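K.L.:
Can you look at this prediction? I've put the sequence above it.
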Amino acid sequence: MDVSLVKIALILIIYGEGKMQIGQYEFKKRIFLAPMAGITDQPFRRLCSQLGAGLTFSEMMSTNPDVWHTEKSRLRLAHHEEIGVNAVQIAGADPQEMAAAAKVNVEYGAEIIDINMGCPAKKVNKKMAGSALLREPELVAQILDAVVNAVDVPVTLKIRTGWDQENRNCLEIAKIAEKAGISALTIHGRTRDCLFNGEAEYESIKAVKQAVSIPIIANGDVTSAEKAKYVLDYTKADAVMIGRGSFGRPWLFKEVKDFLENGRSSNSSLDEKCELMLKHIEDLHQFYGEEKGYRIARKHVGWYVEQLAPNSNFKRTFNALESTKEQLLALEDFVKSIR
């Protein structure tokens, strides 16, 4: 038999038949979309799901009860049946408030609750939330116990490898999570101190995977199909999570999915990418309405332009437009100019 065919067959055995379990939910596509504030709204999650993301997470929801029933929260929690399992991320520092927020989100339709202990933003860390919690293992245990006991849906956790280079404690946190009944753990391969600088390190993720029995999701710098396979191979993680690599590149999920399933790269054509961009922006306008849609579309179009025509001045032109109609017409002209 041809050696290349044997290689493809082995990949199919390893990845094509691979499954991941989070509570009662089974995921055959082990490529997840990371929760990102201001990014992973319903239109983007829906698009990534259609392209191959097995699970997508909502934008981070505050556990402050004052914001639970606001219009902003309603939009963040909006779900669609095409997205699949409804996973909602919450952030906070008070165990009882976190538990109450988890209950409210389940009442609103959340099927998985994800706890944020990885966000490096100063405004989040100042409230002792996000990655700041990694400095308080006892409080981590209290929060995890409170949330897991408050709801009947799977609870997952997202962390970094530690607070800084001298204080990598992801293994300690992972064991606390396992004891608390956390259903899956996502690890971003950077410390809080690293922010998003430098390269993600996967050694810590690999060590955690070897030490605990709960599913591990590897996150950080997954920007290509080949990188996704490398991270899975090296860390032995149960799934990979893509964050910033998807900015202006939702087709990355399809490329990763195809590569893991058949061992071959499948680059999307320029026409396919342009159609996906147009569909995404139209969905954004429809979801948010005229007043908000054109503002939110600007950042996404900026990322798309960087991928499709990096030397173009179109981004500046587009950002000056202030209506849905103007934006869509301009996008159509832009697409014609680069095809």
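P.N.:
All right, it came through fine.
K.L.:
Could I get the contacting residues of Ile113?
P.N.:
87-90, 102, 105-106, 147, 151, 153-156 (C-beta atoms under 8 Å, 6 or more residues apart in numbering). Heads up, the C-betas are built off the backbone N, CA and C, glycines and all.
K.L.:
quick one: which of those is nearest Phe287?
P.N.:
Set against Phe287, the nearest of the contacts of Ile113 by C-beta to C-beta is Val88 (17.2 Å).
K.L.:
Need the three-state assignment for the closest residue to the closest one other than its chain neighbours.
P.N.:
Spatial nearest neighbour of Val88, chain neighbours left out: Ala110 (4.0 Å); criterion: C-beta to C-beta, 6 or more residues apart in numbering. Assigned with DSSP: H, G, I helix; E, B strand; the rest coil, Ala110 falls in the coil class.
K.L.:
Count the neighbours of Ala110 for me.
P.N.:
Per other C-beta atoms under 10 Å, the neighbour tally for Ala110 reads 24.
K.L.:
and stretch 261-279, how far from the chain's centre?
P.N.:
20 Å (C-alpha atoms, centre = their mean, to the nearest Å).
K.L.:
same check, this time on stretch 143-160
P.N.:
That offset, for stretch 143-160, works out to 18 Å (C-alpha atoms, centre = their mean).
K.L.:
can you pull the buried residues of that stretch?
P.N.:
Buried residues in stretch 143-160, counting neighbours by 16 or more other C-beta atoms under 10 Å, are found at 143-148, 150-151, 153-160.
K.L.:
Please give me every residue in contact with Lys209.
P.N.:
Ile216, Thr235, Lys236, Ala237.
K.L.:
Next secondary structure after the helix or strand it falls within?
P.N.:
For Lys209, the host element (DSSP states H and E) is helix 203-211. Once helix 203-211 ends, the next helix or strand along the chain (criterion: DSSP H and E) is strand 216-219.
K.L.:
Tell me the helices and strands packed up against that next one.
P.N.:
For strand 216-219, the elements it packs on are strand 184-188, helix 203-211, helix 225-235, strand 239-242, judged by 3 or more C-beta pairs under 8 Å, 6 or more residues apart in numbering; DSSP states H and E.
K.L.:
so Met60 makes contact with Ala91?
P.N.:
Yes - assessed by C-beta atoms under 8 Å, Met60 is found in contact with Ala91 at 4.9 Å.
K.L.:
Domain map for this structure?
P.N.:
As assigned by the TED database, the chain contains the domains 3-262, 270-338.
K.L.:
need the longest helix for the protein.
P.N.:
As assigned by DSSP state H, the longest helix anywhere in the chain is helix 270-308.
K.L.:
Next SSE downstream of it?
P.N.:
Next helix or strand after helix 270-308 toward the C-terminus (DSSP H and E): helix 314-319.
K.L.:
on contacts alone, who are the packing partners of the helix or strand that that next one is followed by?
P.N.:
For helix 314-319, the following helix or strand on the C-terminal side (DSSP H and E) is helix 324-338. With contacts taken as 3+ C-beta pairs under 8 Å, 6+ apart, helix 324-338 sits against helix 270-308, helix 314-319.
K.L.:
which residues sit against helix 324-338?
P.N.:
By C-beta under 8 Å, 6+ apart, the residues outside helix 324-338 that reach it are 270, 274, 277-278, 281-282, 285, 290, 293-294, 297, 301, 305, 308-309, 312, 314, 317-318, 321.
K.L.:
Please pick the buried ones from the residues you listed.
P.N.:
Using 16+ other C-beta under 10 Å as the burial test, these include 274, 277-278, 281-282, 285, 293-294, 297, 301, 305, 308-309, 314, 318, 321 as buried.
K.L.:
hang on, the earlier thing: now the helix holding Lys209, how far from the centre of its chain.
P.N.:
Using C-alpha atoms, centre = their mean, the offset of helix 203-211 from its chain centre is 20 Å.
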